[in-house]
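> With the sequence up front, the predicted model follows.
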Protein chains: 2
Amino acid sequence: MKLIKNVNILIVGLGLLGGSYAKGLKKLGFEVNAITKEQSSVDYALKNGIIDRGTTEIDSEMIASADIVIFALYPHIFVDWIKENQKYFKSGAVITDVTGVKGAIVYKIQDMLRDDVEFIAAHPMAGREVSGVENSDESIFLDANYIVVPTEKNTPEAIELCRNIGEILGFKFIAELTVEEHDDMIAFLSQLTHCLAVSLMCCNNTPGLEHYTGDSFRDLTRIARINDEMWSELFLSNKTALLNEMDKFLSSFTELYDKIKNDDRDGMRKMMKVSTERRKRFDK
Amino acid sequence: MKLIKNVNILIVGLGLLGGSYAKGLKKLGFEVNAITKEQSSVDYALKNGIIDRGTTEIDSEMIASADIVIFALYPHIFVDWIKENQKYFKSGAVITDVTGVKGAIVYKIQDMLRDDVEFIAAHPMAGREVSGVENSDESIFLDANYIVVPTEKNTPEAIELCRNIGEILGFKFIAELTVEEHDDMIAFLSQLTHCLAVSLMCCNNTPGLEHYTGDSFRDLTRIARINDEMWSELFLSNKTALLNEMDKFLSSFTELYDKIKNDDRDGMRKMMKVSTERRKRFDK
């Protein structure tokens, strides 16, 4: 299947990411329909021209007319949804997603999926601290990475189609990782950082601190405002990799702690030099 | 002493902060002189009209003509400088500083200082990831906090003068804290956050991570580019308070680790809700 204009796209889950996909794809001229939980999301999306049609029901005709189905749901709902409703998929349809963990879902879905439908996993590394279709904004993709996560079961055609979705939405960098590479990377870059921010906010409740806060504390804790329903599920869905990264962090933090305790200024400076050198690689 | 235009101001240490003070004060019409280590800093500052006069020598006449002396040096150099050169201070001069730790210097300086000169500590919570007078910029103060840190030895007049310096430089928020309050606050908000960023950069060196990094990781590690000479001294100068905050963080991080390990989703969500609620207070 090629990503041409008469392709019919179904978004399942019209939140911040689903809504941003819908906005971007609709502006590009595709027919975009949506199935989501709340009628208010459908109403908002229709009123603002984000989708062509939308419903809160399992509309078998709408599912059957979709060439591409993009899932923007919580991991566990997503897997159950496919189990229940895969019978409605059009033969030859390509299914993709936006889920932030892969090991916990990809094999499960590919194992149970009909043979004439293909699931190719993707992770658009974009987001905001607010949620809901009302906050959706396709410009969040422009500066973000889009990762395709194929397995042995995927065809080159589906991988190419999945990359194309990222390309036309304007992502800055498109890459491919294995499931395991993806989950290790996300455990370190995203999940561990959220653990640090949450732990930092929880460990000190001195009144008035906000009056003295500089930008570095604010930058570091921006992600401490966290969707607890989603992130607790993401953490548990990637538990082994996350605990492994937390262990590595603990070891590094404890090393610094001991150096401070032992007045080992040279040792501290060595760690700071490593940190400074490595951080340069992450400059935009 | 009132902060009126014919007041003569001496900056000792013409780096990023000293230079930004000089720029701001000079634009306000004060006579601003500087003593600093490098001739290149003097040359740059003179060429760009940041100071009236500058030298790398201990110029006793320049010191003796200053009504206000602002120290923007590393803590240990600062204390030694005063010990050596306080004989040159003008009688009635007010000395202040920009140092990020207070317990390790304030009492020491006040104890040894001549009776006819007053030291009132201040901490402008502003900075950039670059250093040197070439990068100085008085606009870094506009969105920043300025903290006056008086002790029992300080007079209301010096406290008022010190606040006035912050006010005319345009700081957003001016506050007073005791030495101990200041050092605890800075251990948590500034030093601990730098420890987290450094530890995070040191704990994982997987190649190519930078291609997958989102904004949250970048925001969190911005301060991982760190001046190791300065920060290792700041950490050791505030060791007890910093280790205490590191202990509190470790306890909170370990609590989250255990909840993830034990699949305690409710417990994780509870911490995330606390984090989200507290973080709101820090919104600008």
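Perfect, thanks for sending it. Note that the coordinates shown come from a computational prediction; the quantities given were computed from them, not determined experimentally.
> Can you tell me which helix or strand of chain A has the lowest average pLDDT?
Within chain A, no helix or strand scores below helix A:215-221, which has a mean of 88 by mean pLDDT, DSSP states H and E.
> Show residues contacting the next helix or strand after that helix.
Past helix A:215-221, heading to the C-terminal end, the next element that is a helix or strand (DSSP states H and E) is helix A:228-237. Helix A:228-237 has contacts (C-beta atoms under 8 Å, 6 or more residues apart in numbering or on different chains) with A:74-76, A:100-101, A:103-105, A:191, A:194-195, A:242, B:260, B:263, B:265, B:268-269, B:272-273, B:276. For the C-beta atoms, the positions are set from N, CA and C on the backbone; glycine is no exception.
> hmm, the least confident helix or strand of chain A in reach of chain B?
Yes. Judged by C-beta under 8 Å from any C-beta of the partner chain, helix A:215-221 and chain B are in contact via A:215, A:216, A:217, A:218, A:219, A:220, A:221.
> who wins for neighbours among the residues you listed?
residue A:220 (27 neighbours; other C-beta atoms under 10 Å in any protein chain shown).
> So which of the contacts of helix A:228-237 sit within helices?
Counting by DSSP state H, the contacts of helix A:228-237 place A:75, A:76, A:194, A:195, A:242, B:260, B:265, B:268, B:269, B:272, B:273, B:276 in helices.
> The residues you listed, buried ones only, as a PyMOL selection?
Filtering the ones in helices among the contacts of helix A:228-237 down to the buried ones (16 or more other C-beta atoms under 10 Å in any protein chain shown) takes a single PyMOL command:
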select buried, (chain A and resi 75+194+195+242) or (chain B and resi 260+265+268+269+272+276)
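> wait, what's in contact with the residue nearest the centre of chain A?
By C-alpha atoms, centre = their mean, chain A has its centre lying nearest to residue A:100, at 3.8 Å. Each residue near residue A:100 by C-beta under 8 Å, 6+ apart is listed here: A:123, A:186, A:190, A:234.
> Surely the third one touches residue B:217?
Yes. With contact defined as C-beta atoms under 8 Å, residue A:190 reaches residue B:217; the gap is 7.1 Å.
> coming back round to it: please flag which of the contacts of residue A:100 sit within strands.
Taking DSSP state E as the definition of strands, the contacts of residue A:100 contribute residue A:123.
> Between the contacts of residue A:100, which sits nearest residue A:201?
Within these, proximity to residue A:201 (C-beta to C-beta) peaks at residue A:190, which comes in at 17.2 Å.
> Next up, the contacts around that closest one.
A:100, A:125, B:214, B:216, B:217.
> from those, which is closest to residue B:169?
Of all those, residue B:216 has the smallest distance to residue B:169: 32.2 Å, by C-beta to C-beta.
> Show the end-to-end separation of stretch A:147-159, please.
11 Å (C-alpha to C-alpha, to the nearest Å).
> Please name the nearest non-neighbouring residue to residue A:250.
Taking C-beta to C-beta, 6 or more residues apart in numbering or on different chains, and ignoring the residues beside it in sequence, residue A:250 has residue B:253 as its nearest neighbour in space, at 7.3 Å.
> try residue A:55
The shortest distance from residue A:55 to any residue other than its chain neighbours is 5.8 Å, reached at residue A:35 (C-beta to C-beta, 6+ apart).
> where's residue A:206 relative to residue A:70, distance?
For residue A:206, the distance to residue A:70 equals 45 Å [C-beta to C-beta, to the nearest Å].
> In terms of packing, which of those two has more residues around it?
residue A:70 (26 against 11).
> which SSE is the more buried one in?
For residue A:70, the secondary-structure element it belongs to, assigned by DSSP H and E, is strand A:68-71.
> for residue A:161, same thing?
If you go by DSSP H and E, residue A:161 is part of helix A:156-168.
> C-alpha coordinates for the next helix or strand after that helix, CSV please?
Heading C-terminal from helix A:156-168, the first helix or strand you meet, by DSSP H and E, is strand A:173-176. What follows is strand A:173-176 as a C-alpha-only set of coordinates in CSV (Å, rounded to 0.1, in the frame of the first residue of the first chain):
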residue,chain,number,x,y,z
PHE,A,173,14.4,12.4,12.5
ILE,A,174,13.1,9.0,11.5
ALA,A,175,14.8,5.9,12.8
GLU,A,176,14.4,2.2,13.2
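> May I have the strands that pair with strand A:173-176, each with its orientation?
Neighbouring strands of strand A:173-176 in its sheet, by DSSP bridges, are strand A:145-149 (parallel).
> Hey, what's the angle from the strand it pairs with to helix A:156-168? Just curious.
Between strand A:145-149 and helix A:156-168, the angle formed by their directions is 170 degrees, by axes from the mean of the first three to the mean of the last three C-alpha atoms, to 10 degrees.
> now strand A:145-149: mean pLDDT?
Confidence over strand A:145-149 (mean pLDDT, whole number) is 95.
> what do you get for stretch A:185-192?
Per-residue pLDDT values over stretch A:185-192 give a mean of 95.
> Only the buried residues of it, if you could.
Judged by neighbour count (16+ other C-beta under 10 Å), stretch A:185-192 contains these buried residues: A:185, A:186, A:187, A:188, A:189, A:190, A:191, A:192.
> about what we covered before: want to throw the residues of helix A:215-221 next to chain B into CSV with distance to residue A:131?
Below are these laid out as CSV (distance: C-beta to C-beta, whole Å):
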residue, distance to residue A:131
A:215, 25
A:216, 26
A:217, 24
A:218, 21
A:219, 21
A:220, 22
A:221, 18
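> nearest to residue A:4, of those residues?
residue A:219 (42.3 Å).
> about what we covered before: report the beta-bridge partners for the residue nearest to residue A:55.
The residues paired with residue A:35 through beta bridges, assigned by DSSP bridges, are residue A:12, residue A:55.
> Tell me how many other residues crowd it.
Around residue A:35 there are 25 other residues, counting by other C-beta under 10 Å.
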